[in-house]
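**Q** Need coordinates for the following:
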Amino acid sequence: MYRDDWTWNLQLSAMDWSPEGQRSPTHHHVVFQGRRPGLLAQRVLAVYRDRVGADVAGAEQPASLATFRRGGLALHARHEFAIDDLPSSPIFVPRRGGVAGGGDGWVVVPVLNDDGARVELFDASDVGRGPVAVLAADGGRQLPFMLHSVWMPAASPAPEVERLRFVDDLDDSLFGRLGDDERDAVLAVAADLSAGA
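**A** Residues are numbered from 1 along each chain as shown. Alright, predicted model coming up:
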């Protein structure tokens, strides 16, 4: 585990998940969301009371994208975002024909901001130089926060297989505390989710 004064609020990371990259990993890219005391809810703090340190109420701290060398925890490079940016999970995209391991390609980071969402592209060999390209949404449009993301070299339709239906997991015991309107809403959502299954 790597700890420094800027490593508060570790998020998910990106690496080369290809078989070649897993055999010879070189770089590991991590987003730290920084410290945002104003965004913490008392209910969340209560749930994590055994895991949250006293520094949770410290000064605001910007988010960072950091690259660590694999085989140890040496910090290779670091980019600091603006204080009002909220980066989502990084995605490693290998360069076609490049060297496997996580350092030859790009790191893609969706960034949320009150002024609109952005997608920032970093050179995986040196994220500390900042983004090499930025795609900004017009008109203050937003993207959803992405917790889990991974690069796939090609997209293909899901295979036709028997699938479980969400609505089949619902039974009357789950609706005991819901009013009629809430129950109808849950059933409508379940039906929509199950329509494609």
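
**Q** distance of the most centrally placed residue in the chain from residue 49?
**A** Per Cα atoms, centre = their mean, the C-alpha nearest to the average position across the chain is that of residue 89, at 2.3 Å. Plainly put, residue 89 is 26 Å away from residue 49 if you go by Cβ to Cβ, to the nearest Å. C-beta here means a position set from N, CA and C on the backbone, and glycine is covered the same way.

**Q** Now do the SS call for residue 167.
**A** Of the three states, residue 167 takes helix according to DSSP: H, G, I helix; E, B strand; the rest coil.

**Q** Would you map the helices across the protein?
**A** Here the chain has its helices, by DSSP state H, at 19-23, 42-47, 180-195.

**Q** So which residues make contact with the longest one?
**A** Yep, that's helix 180-195 we're talking about. With Cβ atoms under 8 Å, 6 or more residues apart in numbering as the test, helix 180-195 has contacts from 165-168, 170, 175, 178.

**Q** Give me the buried positions along that helix.
**A** Under the neighbour-count criterion of 16 or more other Cβ atoms under 10 Å, helix 180-195 has 183, 190, 194 buried.

**Q** Which single one of those residues is nearest to residue 95?
**A** residue 194 (40.9 Å; Cβ to Cβ).

**Q** can I assume residue 83 is in contact with residue 60?
**A** Yes: look at residue 83 against residue 60 with Cβ atoms under 8 Å: they come within range, at 6.1 Å.

**Q** overlap in contacts of these two?
**A** What both residue 83 and residue 60 touch, as defined by Cβ under 8 Å, 6+ apart, is the set residue 34.

**Q** hang on, the earlier thing: of the buried residues of helix 180-195, closest to residue 7?
**A** residue 190 (40.6 Å).

**Q** Tell me the confidence at that closest one?
**A** Per-residue pLDDT puts residue 190 at 84.

**Q** How about it: what's its closest non-neighbour residue?
**A** residue 167 (4.1 Å; Cβ to Cβ, 6 or more residues apart in numbering).

**Q** number of nearby residues for residue 9?
**A** 15 (other Cβ atoms under 10 Å).

**Q** actually residue 69, sorry about that
**A** Counted by other Cβ under 10 Å, the residues lying close to residue 69 total 16.

**Q** And for residue 67?
**A** Using other Cβ under 10 Å as the criterion, the residues surrounding residue 67 number 28.
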